[in-house]
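Student: Need the 3D shape of this:
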Amino acid sequence: MNPEELRIGNLYNWTAEGNDYVFEVESKDFSDENYKNFEPIPLTDEWLTKLWFWPEKENHRVTPCCNYALVKLKDGYYIYNHSEVDGSLTWIRTNAIQYVHRLQNIYFALTEKELQLG
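Tutor: Here you go, the predicted structure:
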């Protein structure tokens, strides 16, 4: 996991003694030694539900707060503008999103709000 990708508030897995724990970045004052135990959290249906992205269609999730949709393709999720008028989708040009912290970062860049756990 690249520590440069992390922002305060990002979620990550911490592996210690064979167990995984979910933590939130509280500061950027980690030693390089600590980062070796950080693992990204893969985006799963369970995590998307926790992050307020609800199933709408197969491989298609929407968030009620700000008209964004995630569409799952073979290499990860892609974010789209979701029209409330006709349900159409317009792709926002990003790379595939595979991890929770990357979705948090993109969401913040688009909305200037933190993606909250539900």
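Student: By residue count, what's the longest helix in this structure?
Tutor: If you go by DSSP state H, the chain has its longest helix at helix 100-111.
Student: Which elements pack onto that one?
Tutor: Contact here means 3 or more C-beta pairs under 8 Å, 6 or more residues apart in numbering; DSSP states H and E; on that basis helix 100-111 packs against strand 11-16, strand 68-73, strand 76-82. (Glycine included, C-beta is placed from N, CA and C.)
Student: Convert the longest one to CSV, retaining C-alpha atoms only.
Tutor: Listed next in CSV are the C-alpha coordinates belonging to strand 76-82 (Å, rounded to 0.1, in the frame of the first residue of the first chain):
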residue,chain,number,x,y,z
GLY,A,76,-13.0,-3.0,-10.4
TYR,A,77,-15.6,-0.3,-10.0
TYR,A,78,-16.0,2.8,-12.1
ILE,A,79,-17.8,6.0,-10.9
TYR,A,80,-20.5,7.7,-13.0
ASN,A,81,-22.8,10.6,-12.6
HIS,A,82,-26.3,9.2,-12.2
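Student: Quick check: which ranges of this structure have low pLDDT?
Tutor: Scanning the chain for pLDDT under 70 picks out 30-35, 60, 64-65, 84-85, 87.
Student: neighbouring contacts of stretch 46-53?
Tutor: Stretch 46-53 is contacted from outside by 41, 61-65, 70, 100, 103, 115-118, using C-beta atoms under 8 Å, 6 or more residues apart in numbering.
Student: make it 10 Å
Tutor: Contacts with stretch 46-53, where a contact means C-beta atoms under 10 Å, 6 or more residues apart in numbering, come from 11, 22, 41, 43-45, 54-55, 60-66, 68-70, 72, 77, 79, 99-100, 103-104, 107, 115-118.
Student: and these, which are buried?
Tutor: Buried subset of those (neighbour count, 16 or more other C-beta atoms under 10 Å): 11, 41, 43, 60-63, 68-70, 72, 77, 79, 99-100, 103-104, 107, 115.
Student: Many thanks, I have nothing further to ask.
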